[in-house]
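Participant: Have a look at this prediction, sequence included:
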Amino acid sequence: MQTIIEDSRLISYFYVADSPLHGQGLFARHPLKGGEYLGSYHGPVTHVNGTYVLWIEDRPGLWVGCDGENLLRYINHSKTPCCEFDGFELYAKRDIHANEEITIDYGDESGLD
């Protein structure tokens, strides 16, 4: 039941469309406020890297991967992101405009600029 509620909440916030950054991306349906909680990255725990795997450092030196299955898997990388994850929870770093692409910084080890 939680997944259905979370998915409908994400659909009310976001849509997927072609991205000028990479393939498809996630975009804001309406303006979002800086600091606002936007949703949780959901999917099975994994120990293998993949296209939609989000890695978090659960404890120093202990990394946990989540193979994303909800809309948040379409978030692309930017060195000037508008959002960030705290664990698997996504927050707006600043005010976000309607139709703006949702981005995070994948980190130094991503190999992306």
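Facilitator: Everything's here; your move.

Participant: Helix, strand, or coil at Arg73?
Facilitator: helix (DSSP: H, G, I helix; E, B strand; the rest coil).

Participant: In space, what's closest to it - neighbours in sequence excluded?
Facilitator: Leaving aside its sequence neighbours, Arg73 sits nearest to Tyr52 (Cβ to Cβ, 6 or more residues apart in numbering; 4.1 Å). Bear in mind the C-beta positions are built from the backbone N, C-alpha and C, glycine included.

Participant: Tell me how many other residues crowd the one you found.
Facilitator: The number of residues packed near Tyr52 is 17, by other Cβ atoms under 10 Å.

Participant: ok, now Gly25?
Facilitator: 19.

Participant: beta partners for it?
Facilitator: According to DSSP bridges, the residues that bridge with Gly25 are Ala17.

Participant: Look up how far Cys82 lies from it.
Facilitator: Per Cβ to Cβ, to the nearest Å, Gly25 is found 12 Å from Cys82.

Participant: anything in contact with each of these two?
Facilitator: 101-103 (Cβ atoms under 8 Å, 6 or more residues apart in numbering).

Participant: Kindly indicate the member of these with the most neighbours.
Facilitator: In terms of neighbours by other Cβ under 10 Å, these top out with Ile102 at 25 neighbours.

Participant: Which residue comes closest to that one once chain neighbours are left out?
Facilitator: Nearest non-adjacent residue to Ile102, counting by Cβ to Cβ, 6+ apart: Leu26, 4.4 Å away.

Participant: Looks like the one you found contacts Gly68 (just checking).
Facilitator: No: using Cβ atoms under 8 Å, Leu26 makes no contact with Gly68, being 10.9 Å away.
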